[in-house]
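> Structure, please.
(2 chains)
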Amino acid sequence: GQQVMQIPQYQHVQEGEDFTTYCNSSTTLSNIQWYKQRPGGHPVFLIQLVKSGEVKKQKRLTFQFGEAKKNSSLHITATQTTDVGTYFCAGPASGGSYIPTFGRGTSLIVHP
Amino acid sequence: DAGVIQSPRHEVTEMGQEVTLRCKPISGHNSLFWYRQTMMRGLELLIYFNNNVPIDDSGMPEDRFSAKMPNASFSTLKIQPSEPRDSAVYFCASSPSGRREQFFGPGTRLTVL
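Model prediction:
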């Protein structure tokens, strides 16, 4: 089935710095979702992207879907300690399947 | 509204014992997923139910694992016999019909000694 690769695995930043995580697939994705998991918590849905080149914003978070629908990114502007956690992308296991494949996640550590 | 409910939140058991994890999805959601999360393997999908019917169980590690969904409001994941390598956090998630976003429960942290 389809696989999504996420980089980097870990990212340390100073509070106030920006952060970006990338998600890549070898095949075209019909959609992609992003989740956030706080330490000791459970994944929480953030957003879904479905259109080529789509850009969505949630306050300091900006999500992009590549023109070829094979990659996506999450950018956080001016990180805060509340942004700490692991950010996962998820794409369909195949075609338009409702079965998801999750990336390994990027763990964000914010130093005050 | 209540989210996905899982029980127990923590389970410590000895190798060879039977373990049953329980999940109550969000009312009205017709898709249910069981996941296992470990540091080594990340978040792995074990089984996916749609309208109470198992659609994909290719992620179930082996015959020691079984899952049921007798009705729309309840599912179980059973491990018999349990082994130390089964130690992980097990999440249940549900989705509404026609939607892909998943709502995760708080998870069950399983430790097999």
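
> model confidence over the helix or strand encompassing residue A:33, on average?
Taking DSSP states H and E as the criterion, residue A:33 maps to strand A:32-37. Average pLDDT, strand A:32-37: 97.

> Then stretch B:2-11?
Rounded mean pLDDT across stretch B:2-11 is 96.

> Tell me the gap between that stretch and the middle of its chain.
In terms of C-alpha atoms, centre = their mean, to the nearest Å, the centre of stretch B:2-11 is found 10 Å from the chain centre.

> my guess is residue B:86 meets residue B:109, correct?
No. Contact criterion C-beta atoms under 8 Å: residue B:86 and residue B:109 do not qualify, at 11.8 Å. Glycine gets a C-beta too; all of them are placed from N, C-alpha and C.

> which of those two has more neighbours?
residue B:86 (21 against 16; other C-beta atoms under 10 Å in any protein chain shown).

> For the more buried one, give me phi and psi.
phi -80, psi -10 (degrees, to the nearest 10).

> gap between the residue nearest the centre of chain B and chain A?
By C-alpha atoms, centre = their mean, chain B has its centre lying nearest to residue B:34, at 3.3 Å. Distance of residue B:34 to chain A, given as C-beta to the nearest C-beta, to the nearest Å: 12 Å.

> pretty sure that residue contacts residue B:47?
Yes. Residue B:34 lies in contact with residue B:47 (C-beta under 8 Å); the separation is 5.0 Å.

> Give the residues shared as contacts by these two.
B:67, B:77 (C-beta atoms under 8 Å, 6 or more residues apart in numbering or on different chains).

> and the residue nearest to the centre of chain B, what pLDDT?
At residue B:34, pLDDT is 98.

> where does it fall, helix, sheet strand or coil?
strand (DSSP: H, G, I helix; E, B strand; the rest coil).

> Ignoring the adjacent residues along the chain, who's closest to residue B:7?
Closest residue in space to residue B:7, ignoring its immediate chain neighbours: residue B:22 at 4.9 Å, by C-beta to C-beta, 6 or more residues apart in numbering or on different chains.

> cool, residue B:45 as well?
Nearest to residue B:45 is residue B:59, by C-beta to C-beta, 6+ apart, at 4.7 Å.

> now that neighbour, what's its secondary structure?
When classified by three-state DSSP, residue B:59 comes out as coil.

> who in chain A is up against chain B?
Counting by C-beta under 8 Å from any C-beta of the partner chain, the positions of chain A adjacent to chain B are A:31, A:33, A:35, A:41-45, A:48, A:88, A:92, A:98-105.

> coming back round to it: skip ahead from the strand holding residue A:33 and say which helix or strand is next.
strand A:44-49.

> related to what we said a few turns ago, list the beta-bridge partners for the residue nearest to the centre of chain B.
Under DSSP bridges, the beta-bridge partners of residue B:34 are residue B:47, residue B:92.
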